[in-house]
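[1] sequence? don't have it. structure:
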């Protein structure tokens, strides 16, 4: 029985009842003989309430103080969780990110972990304690100031601690049963995936699947830490994310699943730069202007230019929240580049099909487009990687498109073909 | 212009408006040319809410985790206050007790400060910042765990930082205008005291005056740090607590005020051990039993024994909250001591008259008792120190007794005699 890192999100510890339920689950793991390290997020809406308070006292909350404020949230949940465990008769100690040795850079509000030195956690475990660690936070190596890790920070804390402590597995407890072949709110027949490879999970995460963020999966892949995504409510086995399917038969090869799942994302907008002179360096100038404005972009598509005009169009997608910044940045370089106009469209959606198996399976692209066509969905942009195909459509077409594709690849739960195509690998 | 430490209590920073008001007051001090260090408590009811959460998850919250939980409160208020100051265009940084160098022993929930090493605060000031420090908390020297200082901890933090940073003054901002000659809720004619000596303030604090706790005054006296108690709402000058009256005329002696004020306390109960054999060692056995139960007692009175029986009664007062513990402890030693019975009375009150001037003024005790007698108040116990007289009466008699004594010593605000007897020293 080795060391297990468990991470509980804010919805799992939203109130005293939730905290007590989580405490019982943790004690069960301890009783089963594991050393247990728990990473916990702030309770329910605590972080939102703190942000609201900050906005009331200051129009532009500053980085250092904003982090100091937000980290109060996990401090509360971790102390309560340790108390609840102790009242079940087990020893527990809580640790801030700083005490747990989560060392970061100095970029407040979205710091990156640069080292983990879990000496105090190791000592607490050696003394028989369950160690409770605040997620989402660390301490800056240079300034010694408290930092927060930004979105998905608690999951990343858990994986980073699992790596530093050489854990057997990092269990991410959440309010869903695992990773599904599609968003179950859109596709009623979506199936839970028992196992998925890191690379497929990375593509799903960056294509709109909300269960895990790519940052945490990337960290786990680098250190080869298996992640087990599961429900803190049901306690059922969830989805294992790792290099190798743990259920692979002895000595045998399992049939490779072609498709892991279908992800969608309606949080992006599309910018089209119309009438760009088709000569070397123009695209570079456009994307340098975007990068200088610190805007993250996703898909980029350029069509061949019309021979008659020598002009081409360049389209890209980006988070809607960054739309205004991008438009402003491009407006400032219009003279230099000499494009004709800008088009901004935020009524788009993206559907992505992900599966390492598509590498060796011709016909996946054709099946994908046929399914969309049969559903009457018009494709506006296409972008592919080795293990992913993404298309942009009208936002209103997304639900129907996801269901059509999910069904076409035999991912629906009643379908016999799920045995062949299913992301479960069975 | 030197360094000023300002302390703001929870009622001063109860909401966003309060935090912004306090921020303006702090900025005013900075603009006046001071270096400013601010100690802040948790917002309004935050601490009570955290305690309630703890009780929901655990019947007996543990020391270490309870401290971790409670310290989240100041973390929130200090970060918000720093943000509010920054939005007024001034630089501010917030620091936890640990970051500010508040080193304590390891007694969780009521730790004592054993050292203050404010290196980071000094650096922040040198760089032009206003430093905001979490009150009520520190870090254990031996275990490196987070501790809280117990009741009055934020005031003590402020005085300790003022001493370590060699501040000119420690300003304690609260929701009243200063220290009064009696509780203004009981005595309408109570006057604000402009200046009071440490020793009188100590006696008032330990006799029931709530404005400052004796612990903080004792610390200030040891390091000779003047305390200025004042309102965060009105901004008017309040009460200076120090060794020497700052308004003393050049070269001259001011007339010594005889009486500083009248304090009262209805939070205590009286225990009487009836029929104790009047021989050496009996009282010691009684109070050893009480001490072993970790009960703090206040007044102790033993009457001469009746010659006929060889038995005496011993009475003492203690906080009502400790009453049950004391009765249990005495019950366990009844056989060994051989007393007859125990009487417990929690309908008592204590009135204390405090003033260093009474040392050299005969007749104070007589005037005190005459005033009580004229008001028809019966005295149950009497206890005196060099600069204080305390009596125990029925709880219901306390308001009338306080008013009578306040008036008899010319402390009422309309009285001409206040010039002579007033705690102001004028």
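    Arrived safely, thanks for sending. Model, not experiment: these values are computed from the prediction.
[2] Next, the contact list for the closest residue to residue A:336 other than its chain neighbours, please.
    Among residues not flanking residue A:336 along the chain, residue A:285 sits closest, at 6.7 Å (C-beta to C-beta, 6 or more residues apart in numbering or on different chains). (Each C-beta comes from the backbone N, C-alpha and C, glycine too.) Residue A:285 makes contacts with A:333, A:336-337, as judged by C-beta atoms under 8 Å, 6 or more residues apart in numbering or on different chains.
[3] hang on, residue A:100 packs against residue A:123?
    No. Taking contacts as C-beta atoms under 8 Å, residue A:100 lies outside contact range of residue A:123: 11.4 Å.
[4] Low-confidence regions, the stretch 251-400 of chain A specifically.
    For the stretch 251-400 of chain A, applying pLDDT under 70 flags the ranges A:251-257, A:304-307.
[5] Mind doing that once more with 90?
    Applying pLDDT under 90 to the stretch 251-400 of chain A picks out residues A:251-258, A:276-288, A:291-314, A:335-338, A:356-366, A:379-387.
[6] And the helices in it, which stretches?
    Taking DSSP state H, counting those that start in this stretch as the test, the helices found in the stretch 251-400 of chain A are A:282-292, A:323-332, A:334-337, A:364-374, A:398-408.
[7] cool, the stretch 51-200 of chain A as well?
    For the stretch 51-200 of chain A, the helices defined by DSSP H, counting those that start in this stretch occupy A:63-70, A:72-86, A:119-126, A:153-164, A:198-206.
[8] And for the last one, what's in contact with it?
    Residues external to helix A:198-206 that are found in contact with it (C-beta under 8 Å, 6+ apart): A:179, A:196, A:211-214, A:217-218, A:220-221, A:241-243, A:260-261, A:263, A:352, A:354-356, A:385, A:387-388, A:423.
[9] Ok, the third one next?
    Surrounding helix A:119-126, the residues in contact under the criterion C-beta under 8 Å, 6+ apart are A:3, A:35, A:37, A:93, A:95, A:99-101, A:131, A:133, A:161, A:165, B:144.
[10] Just want the residue of the stretch 301-426 of chain A that's nearest chain B.
    In the stretch 301-426 of chain A, the residue that lies nearest chain B is residue A:321 (22.3 Å; C-beta to the nearest C-beta).
[11] Buried ones only from the contacts of helix A:198-206, please, as a PyMOL command.
    Selection of buried members from the contacts of helix A:198-206 for PyMOL, criterion 16 or more other C-beta atoms under 10 Å in any protein chain shown:
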select buried, chain A and resi 179+196+211+212+213+214+217+218+220+221+241+242+260+261+263+352+354+355+356+387+388+423
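[12] Now, the contacts of helix A:198-206 that are in strands?
    Counting by DSSP state E, the contacts of helix A:198-206 place A:196, A:241-242, A:261, A:263, A:352, A:354, A:385, A:388 in strands.
[13] quick one: which of these is nearest residue A:271?
    Closest approach to residue A:271 among those (C-beta to C-beta): residue A:352, at 19.5 Å.
[14] if I read this right, that closest one contacts residue A:389, doesn't it?
    Yes. Residue A:352 lies in contact with residue A:389 (C-beta under 8 Å); the separation is 6.9 Å.
[15] Residue A:234 contacts residue A:176, correct?
    No. The pair residue A:234 / residue A:176 is not scored as a contact, 9.6 Å apart, by C-beta under 8 Å.
[16] Kindly provide the distance from the one residue in the stretch 151-300 of chain A that gets nearest to chain B to residue A:18.
    Closest to chain B within the stretch 151-300 of chain A is residue A:232: 15.7 Å, counting by C-beta to the nearest C-beta. Counting by C-beta to C-beta, to the nearest Å, the gap from residue A:232 to residue A:18 is 8 Å.
[17] Find residues that contact each of those two.
    Common neighbours of residue A:232 and residue A:18, using C-beta under 8 Å, 6+ apart, are residue A:12.
[18] Out of the helices of the stretch 251-400 of chain A, which one sits most buried?
    With neighbours taken as mean count of other C-beta atoms under 10 Å in any protein chain shown, those reach their highest mean count in helix A:398-408, at a mean of 22.
[19] So what touches that helix?
    Under the contact criterion C-beta under 8 Å, 6+ apart, helix A:398-408 has outside partners A:181-183, A:186-187, A:189-190, A:262, A:264, A:266, A:349-351, A:353, A:367-368, A:370-372, A:374-377, A:391, A:393, A:412, A:415.
[20] now that helix and helix A:364-374, what's the angle there?
    130 degrees (axes from the mean of the first three to the mean of the last three C-alpha atoms, to 10 degrees).
[21] What parts of chain A come near chain B?
    Within reach of chain B by C-beta under 8 Å from any C-beta of the partner chain, chain A has these residues: A:16, A:19-20, A:23, A:50, A:53-54, A:56-62, A:64-66, A:68-69, A:71-73, A:75-76, A:78-84, A:86-87, A:92-94, A:99, A:120, A:144.
[22] Now list the buried members of the residues you listed.
    The neighbour-count test (16+ other C-beta under 10 Å) marks A:16, A:19-20, A:23, A:50, A:53-54, A:56-58, A:61-62, A:64-66, A:68-69, A:71-73, A:75-76, A:78-84, A:86-87, A:92-94, A:99, A:120 as buried among these.
[23] Test my guess that residue A:87 contacts residue B:56.
    No. Between residue A:87 and residue B:56 there is no contact under C-beta under 8 Å: 10.8 Å.
[24] ok now stretch A:142-161, how far from the chain's centre?
    Centroid displacement of stretch A:142-161 relative to its chain, using C-alpha atoms, centre = their mean, to the nearest Å, is 15 Å.
[25] Report the rounded mean pLDDT for that stretch.
    On average, the pLDDT along stretch A:142-161 is 94.
[26] Now residue A:9: phi and psi?
    Recorded main-chain torsions at residue A:9 are phi -80, psi 170, according to degrees, to the nearest 10.
[27] who are the neighbours in contact with residue A:323?
    A:269, A:271, A:344, A:346.
[28] what's the closest of those residues to residue A:303?
    Nearest to residue A:303 out of the contacts of residue A:323 is residue A:271 (C-beta to C-beta; 14.8 Å).
[29] What about the closest one, how many residues nearby?
    23 (other C-beta atoms under 10 Å in any protein chain shown).
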